[in-house]
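Asker: Just need the structure, nothing else, for what follows:
(chains A and B)
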Protein chains: 2
Amino acid sequence: MKLHWSPRSPFVRKVMVAAHELGLADRITTQRTVAAMLKPARELMPDNPLAKIPTMVLDDGTVLYDSAVIVEYLDSMAGGGRLIPREGPARWTELRRHALANGFLDLLILWRNERAKGQPMTELIEAFQLKTDAVLKSLEAEAGAIAAAPLGLAQITIAIAGDYMDFRFPEIGWRARCPKLSAWQSGFAERPSMRATPIVDA
Amino acid sequence: MKLHWSPRSPFVRKVMVAAHELGLADRITTQRTVAAMLKPARELMPDNPLAKIPTMVLDDGTVLYDSAVIVEYLDSMAGGGRLIPREGPARWTELRRHALANGFLDLLILWRNERAKGQPMTELIEAFQLKTDAVLKSLEAEAGAIAAAPLGLAQITIAIAGDYMDFRFPEIGWRARCPKLSAWQSGFAERPSMRATPIVDA
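Answerer: Prediction:
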């Protein structure tokens, strides 16, 4: 399998952490792809017209995206139900928590793009801050349940969002604001799957 | 079930079309929620800190989002496997096509927000145009397979994206550029589920 990959993308990292956890990382060949909002990766567009990473190309040519679809595919390769419960309330909780963390990553990336502009739009930055406050409050309120849940797509994505804030938004100060979530995340970040996939500006 | 709802959101429409197709529309109570990128819906944030619609609240208080998660939940209520194949290649094709159409809707909404600003950023608009060209080319190339597929999440989302372009981006001229996709979409748009859920500026 070929994965359009970058060491800077938290969505790519989600796929790679899942692959490590499932014992499938050595089945993936990574191809460095630079996909920025202002500079679409033209070489990626034949596989994914949205020019987004991660994008996976299977050996038979089947293309998979986005990151959640790729993780579910890897999970099914490993027998299914390992990172995403197959059914019932556990499945909906996993997918809802993933949607929260994933939507938060989307927000942080839009925020980063906005502040990179010469004249960031004040109302937009304020909206990002307001939503970030609500997300952090919600995650901290749920930190006990998140920590107690089985390893899965939601934990992986929440842990990656924590590292991503450390990397790109230290000024948010999330660890001081979310002590329970931070304590859990610091432990999770020591997993070999997380240590094998650091986000770096390379 | 309560659905945070708006008649302007293509993502909300996806949920409502699915509910109609599954015979579940009368189980949903809609609550009008205005969620704009610059004006987060504060009343929505206790249920969804990202302040995004659709957000579903089940009778037992369980909260579900985003739209794909809600559709999968409705599908499971109706027996499962009706709008999203349960497994195998058909599932990956359905989810990949959905991710394409859904990511395209995300792009169109960002584009709309950008052009609403006093000084839209030229490079960003050009990136949106480039990706739109690639998406339309890809969908038109796949139009025969899309039309031949069973009713599902992908067809619903692609058809909604077509109507959304007619509504917000007539200048794209997608019907002239995608005659096969347009012919299929015009037929799909006559389904009672689509006719019952028009997008309107109300």
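Asker: ok, residue A:108 to residue A:163 distance?
Answerer: 12 Å (C-beta to C-beta, to the nearest Å). From N, CA and C alone the C-beta is placed, and that goes for glycine too.
Asker: Same question for residue A:193.
Answerer: Residue A:193 sits 12 Å away from residue A:163, going by C-beta to C-beta.
Asker: can you point me to the longest helix in chain A?
Answerer: helix A:89-116 (DSSP state H).
Asker: I'd like the next helix or strand past it.
Answerer: helix A:122-141 (DSSP states H and E).
Asker: Can you list the buried residues in that following helix?
Answerer: A:124, A:127, A:128, A:130, A:131, A:132, A:134, A:135, A:136, A:138, A:139, A:140 (16 or more other C-beta atoms under 10 Å in any protein chain shown).
Asker: Which of the residues in the next helix or strand after it are classified as buried?
Answerer: Downstream of helix A:122-141, the first helix or strand assigned by DSSP H and E is helix A:143-148. In terms of neighbour count (16+ other C-beta under 10 Å), helix A:143-148 has its buried residues at A:143, A:146.
Asker: Determine whether any part of helix A:143-148 lies close to chain B.
Answerer: No. Helix A:143-148 is not in contact with chain B by C-beta under 8 Å from any C-beta of the partner chain; minimum separation 13.0 Å.
Asker: C-alpha coordinates for that helix, PDB please?
Answerer: Extracted C-alpha coordinates of helix A:143-148, given in PDB (Å, rounded to 0.1, in the frame of the first residue of the first chain):
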ATOM      1  CA  ALA A 143     -11.200  13.100  30.300                       C
ATOM      2  CA  GLY A 144     -11.900  10.300  32.800                       C
ATOM      3  CA  ALA A 145     -14.100   8.500  30.300                       C
ATOM      4  CA  ILE A 146     -11.600   9.000  27.500                       C
ATOM      5  CA  ALA A 147      -8.800   7.600  29.600                       C
ATOM      6  CA  ALA A 148     -10.900   4.600  30.600                       C
END
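Asker: Just after it, pick out the following helix or strand.
Answerer: Note on helix A:143-148: by DSSP H and E, the next helix or strand toward the C-terminus is helix A:153-168.
Asker: which residues touch that next one?
Answerer: Contacts with helix A:153-168, where a contact means C-beta atoms under 8 Å, 6 or more residues apart in numbering or on different chains, come from A:10, A:13-14, A:17-18, A:21, A:68, A:71, A:83-84, A:93-95, A:97-98, A:101-102, A:104-105, A:108, A:112, A:139, A:146, A:149, A:172, A:174-175, A:181-182, A:185, A:188-189, A:193-194, A:199.
Asker: check contacts around the residue nearest the centre of chain A.
Answerer: The C-alpha lying nearest the average C-alpha coordinate of chain A belongs to residue A:11 (C-alpha atoms, centre = their mean; 3.9 Å). Residues in contact with residue A:11 (C-beta under 8 Å, 6+ apart) are A:52, A:53, A:54, A:66, A:67, A:102, A:105.
Asker: What about residue A:120, how many residues nearby?
Answerer: Neighbourhood size, residue A:120 [other C-beta atoms under 10 Å in any protein chain shown]: 13.
Asker: how near is it to chain B?
Answerer: 11 Å (C-beta to the nearest C-beta, to the nearest Å).
Asker: what residues are up against the closest residue to that residue other than its chain neighbours?
Answerer: Excluding its sequence neighbours, the residue lying closest to residue A:120 (C-beta to C-beta, 6 or more residues apart in numbering or on different chains) is residue A:114, at 4.9 Å. With contact set as C-beta under 8 Å, 6+ apart, residue A:114 has these partners: A:120, A:121, A:124, A:125, A:128.
Asker: pLDDT score assigned to the last one?
Answerer: When you say that, I think you mean residue A:128. Turning to residue A:128, the model gives it a pLDDT of 97.
Asker: ok, now how distant is it from chain B?
Answerer: Using C-beta to the nearest C-beta, residue A:128 is found at 9 Å from chain B.
Asker: Quick check: that residue touching residue A:112?
Answerer: No. With contact defined as C-beta atoms under 8 Å, residue A:128 does not count as touching residue A:112 (9.7 Å).
Asker: you'd agree residue A:56 is in a strand?
Answerer: Yes. Counting by DSSP: H, G, I helix; E, B strand; the rest coil, residue A:56 is part of a strand.
Asker: hang on, the earlier thing: so the residue nearest to the centre of chain A is in which element?
Answerer: Here residue A:11 is assigned to helix A:10-21, by DSSP H and E.
Asker: Enumerate the positions of that helix that are buried.
Answerer: In terms of neighbour count (16+ other C-beta under 10 Å), helix A:10-21 has its buried residues at A:10, A:11, A:12, A:13, A:14, A:15, A:16, A:17, A:18, A:19, A:20, A:21.
Asker: Considering those, which is situated nearest to chain B?
Answerer: Nearest to chain B, judged by C-beta to the nearest C-beta, of these is residue A:11 at 11.7 Å.
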